[in-house]
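1. Give the three-dimensional model of this entry:
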Amino acid sequence: MTPAIRFSILLHVAGVVFFVLDRDLWPWVAAALVANHLVLAAGVFLVRGRLLGPNINRLPAHAIAHQEVCLTFDDGPHPEWTPRVLELLERYQAKASFFCIGERAGAYPEIVREIVRRGHSVENHSYRHSHAFALYGISLMRRDIEKAQATVTAITGRAPQFFRAPAGFRSPLLDFVLARMGLRYVSWTRRGLDTIRSDPARVLARSTSGLAAGDVLLLHDSAPDSLAVLPALLEQLAARGLKCVSLPGACSRS
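-> Residues are numbered from 1 along each chain as shown. Okay, here's the model as predicted:
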């Protein structure tokens with residue numbers, strides 16, 4: 001449990017105690033609780049922050065020392081784009097991590113198996129990728145993540161080690177679920193906004209501006225702009241002496 005969540009629980013308990021002891025204090029209690037909820041809400045939208053729990057937004061020191069970066073792809077698998085992304089990664093001898101939506105993984109299991117066969121990792125990106133995911137209660141959130149976890153494990157024989165929330169919006173309750181499932185949360189260092197920008201040059205510029213060893217890059221194998229950007233991005237990484245590795249490859253070493 002993170003310090004922010006512990007403080008929030010204690011604040012709510014103290015608020016009840018103070019209200020019971022002196023009901024005239026209710027405006028102060030209410031103000032404190034509202035402020036607390038505003039802080040937690042800010043944590044939902046500060047997607048690279050650690051207020052709501054551990055958050056991998058850069059690779060560990062040993063990966064930086066080895067000049068490694070990690071390409072991550074969200075929202076797949078896609079029947080057309082994902083195989084083409086895999087071919088490009090193979091051409092440049094790059095490894096990546098694919099945060100797959102469980103429902104789509106179940107629809108295209110052969111593509112998921114091909115991701116693993118080529119030496120990449122498949123990670124958990126929820127089962128349905130609901131835009132309301134950050135508003136889920138613990139039970140619904142747990143069921144959704146567990147279903148995605150079970151789907152990917154059944155297809156690949158390997159349980160995902162990492163989780164990324166839909167759109168990166170992280171519920172204050174998410175850390176409870178991930179801790180019990182042994183999943184590590186991942187955001188990113190920089191993202192290309194390839195699902196928003198229609199100009200591949202701008203996607204590439206956003207992905208490479210300030211690029212350095214240890215960065216975690218976010219693209220989407222469900223977006224054609226990623227396919228347009230990927231060759232130039234991989235060439236820039238190679239030119240800078242940076243090696244593309246998967247998250248387990250970078251984070252699981254001692």
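2. any weak-confidence spans in the stretch 1-150 of the chain?
-> The stretch 1-150 of the chain contains residues with pLDDT under 70 at 1-8, 11-22, 24-26, 28-29, 31-33, 36-44.
3. can you give me the strands for it?
-> Taking DSSP state E, counting those that start in this stretch to define them, one finds strands in the stretch 1-150 of the chain at 68-76, 96-100, 121-124.
4. So what does residue 190 have for phi and psi?
-> Dihedral pair for residue 190: phi -150, psi 150, per degrees, to the nearest 10.
5. Name the residues linked to it by a beta bridge.
-> Counting by DSSP bridges, residue 190 is bridged to residue 217.
6. Who are the contact partners of residue 171?
-> 44, 52, 133, 134, 135, 136, 141, 165 (CB atoms under 8 Å, 6 or more residues apart in numbering). In short, each C-beta sits where N, CA and C put it, glycine included.
7. same check, this time on residue 58
-> 64, 189, 214, 215, 216.
8. how does it look with 10 Å?
-> 48, 64, 69-70, 187-189, 212-216, 250 (CB atoms under 10 Å, 6 or more residues apart in numbering).
9. Phi, psi for the closest residue to residue 215 other than its chain neighbours please.
-> Residue nearest to residue 215 in three dimensions, not counting chain neighbours: residue 189, with 4.1 Å by CB to CB, 6 or more residues apart in numbering. Phi and psi for residue 189, reported as degrees, to the nearest 10, are phi -90, psi -40.
10. so what's residue 189 up against?
-> Residue 189 touches 48, 56-59, 69-70, 210-212, 214-218, counting by CB under 10 Å, 6+ apart.
11. Distance of it relative to residue 226?
-> Relative to residue 226, residue 189 is positioned 17 Å away (CB to CB, to the nearest Å).
12. Please apply the same query to residue 81.
-> 7 Å.
13. between these two, what contacts are shared?
-> What both residue 81 and residue 226 touch, as defined by CB under 10 Å, 6+ apart, is the set 73, 220.
14. neighbour-wise, which of these two wins?
-> residue 226 (29 against 20; other CB atoms under 10 Å).
15. ok, and the more buried one, which helix or strand is that part of?
-> helix 224-239 (DSSP states H and E).
16. Just give me the neighbour total for residue 239.
-> Neighbour number of residue 239 under other CB under 10 Å is 8.
17. where does it land on pLDDT?
-> Residue 239 carries a pLDDT value of 94.
18. Mark which of the contacts of residue 171 are buried, thanks.
-> Neighbour-count burial (16 or more other CB atoms under 10 Å) applied to those gives 44, 52, 133, 134, 136, 141, 165.
19. Please read off the pLDDT at the nearest residue in space to the third one that is not next to it in sequence from the model.
-> Put plainly, it is residue 133. Of all residues not flanking residue 133 in the chain, residue 166 sits nearest, at 4.6 Å (CB to CB, 6+ apart). At residue 166, the model reports a pLDDT of 96.
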